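J.: only geometry, no sequence info:
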């Protein structure tokens, strides 16, 4: 099975009751994990190398460029050198590109061989100011909203929301984070589920039926 490079971005903001993350629910027609809650992101495209050279000065930053591009396309938010802005166009990013330091590399997921769609995915984190409203594209993202990590996990536990293993594990790892500074400082050691987790966690956490 081909291993495709991918990237996701965890956009955090400091809310009244603590850290809030931007999440989206995939459309029910999406070919990969339809209806699941996820972070904005997707596969690294050939165009991302050129975009990375334009924004970051190096094609080697194509994963970061992918994360920024997917956030614009899926949720209408743009990471710029002046902060996160509402925009459905990459022109805003071109006008004021972000720095590498703005997008902290907090996790690296490589899907095991038995997964039907395999990704080698980087997870980046960025801080946003309060008041920004995402605009889901309706194609990849059905809805998008800001939510606290404990609430997302409570919704998963009650089976109101579906979380795939990397998303679930990442959220569990971020439970101690209460501010955007702590989010940006997080470094998550990823792993595959153990036997107990495979047996007792919701089946949908591991398999797309």
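T.: Received the coordinates, thanks. Just so you know, these numbers come straight off a predicted model, no measurement behind them. Numbering: from 1, shown residues only.

J.: most centrally placed residue in this protein?
T.: residue 39 (2.9 Å; Cα atoms, centre = their mean).

J.: dump the residue contacts of that residue.
T.: 8, 9, 10, 21, 22, 23, 24, 123, 167, 170 (Cβ atoms under 8 Å, 6 or more residues apart in numbering). Any C-beta I mention is one placed from the backbone N, CA and C, and that applies to glycine too.

J.: and what of residue 171?
T.: Taking Cβ under 8 Å, 6+ apart as the test, what residue 171 contacts is 149, 152, 153, 163.

J.: List the contacts of the first one.
T.: Pointing back at residue 149 there. 19, 21, 171, 174, 175, 177.

J.: can you redo those residues as CSV with distance to residue 111 and secondary structure?
T.: Output for the contacts of residue 149, formatted as CSV (distance: Cβ to Cβ, whole Å; DSSP: H, G, I helix; E, B strand; the rest coil):
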residue, distance to residue 111, secondary structure
19, 27, strand
21, 22, strand
171, 18, helix
174, 20, coil
175, 24, coil
177, 25, coil
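
J.: Can I have the buried ones of the residues you listed as a ChimeraX selection?
T.: Buried residues among the contacts of residue 149 (16 or more other Cβ atoms under 10 Å), as a ChimeraX selection:
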select :19,21,171,174,177
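
J.: low-scoring stretches of this structure, by residue?
T.: Where the chain drops to pLDDT under 70, the residues are 1.

J.: and the top helix by length along the chain, how far out from the chain's middle?
T.: In the chain, with assignment by DSSP state H, the single longest helix is helix 62-75. Centre-to-centre, helix 62-75 and its host chain are 9 Å apart (Cα atoms, centre = their mean, to the nearest Å).
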